[in-house]
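> Please work out how this folds:
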Amino acid sequence: MTQNNCKLSVNINKIATLRNSRGGQTPNVVEAAKRIQNFGAQGITVHPRPDERHIKYQDARDLTSVVHTEYNIEGNPQHNFIDLVLECKPTQVTLVPDAIGALTSNAGWDTITHQSYLQEVIAEFKRNGIRTSIFVDPVLAMIEGAKATGTDRIELYTEAYAHQYGLGNKDGILPYVAAAELANELGLGINAGHDLSLDNIEFFNQNIPGLLEVSIGHALISEALYLGMENVVQMYLQKLK
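Numbers count the residues shown, from 1 in each chain. The predicted structure is shown next:
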């Protein structure tokens, strides 16, 4: 078991999805970010996609003035995304190899095949004082490749762990432990994200040495619908008396 001082960054994409389904500004992502920080979260994450189907590029700009914790912008480093990040200057940029039209992130970078491209992009962000992280699978060769790109951190893609944990197989964490140990040896910071939840986050945090930050969106927002619903219902009843 390890002791980490791990930060929680809340991904607010799903709040934007709900807003976009109706049009207008409710729920308001800027207000949501303010409240989430007030509730104690140590960071806000957004992941704008080229089609802006949830977080819009303007949302990312609007959030720069209200995120006083750590601001993390994730995405595929295409030209528009690079320009957006350089304009917003978040605390951290997380590079994710999203395929066009993918419903959600479903793979880490091949840090060997794309090494020179990643080196170039990462150098540009670092020249602008932005911490860099790249999304990777828990494969040792990919961790070594990540080191060669010049990135500050990696973000471990945790879907496989979450799936195995849900099946009762705690050994699903072993590739992540090995990846983290190598990252620590190489001087890479470690973030993690994808399908982490209240059910599986504690075990993950306890077993990943040097875990610095988790980015959680879908599960956290979904859980808030259950765990926060009673409070909201009572508030409505109070106002309707």
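> Would you map the strands across this protein?
Using DSSP state E, the strands of the chain run over residues 7-11, 43-46, 70-75, 92-95, 131-136, 153-157, 189-193, 211-216.
> what's the closest of those strands to A179?
strand 153-157 (6.2 Å; CB to CB). C-beta coordinates here come from the backbone N, C-alpha and C atoms, glycine included.
> Format the CA atom coordinates belonging to that closest one as PDB.
Provided in PDB are the C-alpha atoms of strand 153-157 (Å, rounded to 0.1, in the frame of the first residue of the first chain):
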ATOM      1  CA  ARG A 153       3.700  13.600 -16.700                       C
ATOM      2  CA  ILE A 154       1.800  10.700 -18.000                       C
ATOM      3  CA  GLU A 155      -1.900  10.000 -17.500                       C
ATOM      4  CA  LEU A 156      -2.600   6.300 -17.100                       C
ATOM      5  CA  TYR A 157      -5.600   5.100 -19.100                       C
END
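> so what does that strand touch, helix or strand wise?
For strand 153-157, the packing partners by 3 or more CB pairs under 8 Å, 6 or more residues apart in numbering; DSSP states H and E come out as strand 131-136, helix 174-186, strand 189-193.
> Distance to H163 and mean pLDDT added to those, as JSON lines?
Listed next are these as JSON lines, based on distance: least, CB to CB, whole Å; pLDDT from 0 to 100:
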{"stretch": "strand 131-136", "distance to H163": "17", "mean pLDDT": "98"}
{"stretch": "helix 174-186", "distance to H163": "13", "mean pLDDT": "98"}
{"stretch": "strand 189-193", "distance to H163": "14", "mean pLDDT": "98"}
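> which of the residues in stretch 204-223 are buried?
Buried residues in stretch 204-223, counted by 16 or more other CB atoms under 10 Å: 204-205, 207-208, 211-221.
> send the alpha carbons of stretch 119-131 over as PDB?
C-alpha atoms of stretch 119-131 as PDB (Å, rounded to 0.1, in the frame of the first residue of the first chain):
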ATOM      1  CA  GLN A 119       8.200  16.100 -28.800                       C
ATOM      2  CA  GLU A 120       7.500  19.100 -31.100                       C
ATOM      3  CA  VAL A 121       4.100  19.800 -29.500                       C
ATOM      4  CA  ILE A 122       5.200  19.300 -26.000                       C
ATOM      5  CA  ALA A 123       8.200  21.600 -26.500                       C
ATOM      6  CA  GLU A 124       5.800  24.300 -27.700                       C
ATOM      7  CA  PHE A 125       3.600  24.000 -24.600                       C
ATOM      8  CA  LYS A 126       6.500  24.000 -22.200                       C
ATOM      9  CA  ARG A 127       7.900  27.100 -23.900                       C
ATOM     10  CA  ASN A 128       4.700  28.700 -22.800                       C
ATOM     11  CA  GLY A 129       4.900  27.600 -19.200                       C
ATOM     12  CA  ILE A 130       2.200  24.900 -19.500                       C
ATOM     13  CA  ARG A 131       2.700  21.600 -17.700                       C
END
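> can you pull the buried residues of it?
Going by neighbour count (16+ other CB under 10 Å), the buried part of stretch 119-131 is V121, I122, F125, I130, R131.
> Need the residues that contact that stretch.
77, 82, 85-86, 89-93, 95, 132, 134, 148-153 (CB atoms under 8 Å, 6 or more residues apart in numbering).
> just the buried residues of stretch 204-223 now: which is nearest M142?
I208 (16.2 Å).
> Tell me the pLDDT of that closest one.
Note for I208: predicted pLDDT of 97.
> Repeat that for the one 4 residues further on.
Looking at L212, its pLDDT reads 96.
> wait, what's in contact with it?
The contact partners of L212, taken as CB under 8 Å, 6+ apart, are N4, N5, C6, K7, R153, G189, I190, N191.
> go on, D110?
By CB under 8 Å, 6+ apart, the contact set of D110 is P97, M142, G145.
> Quick check, pLDDT for Y236.
On the pLDDT scale, Y236 gets 69.
> Sounds good, over and out.
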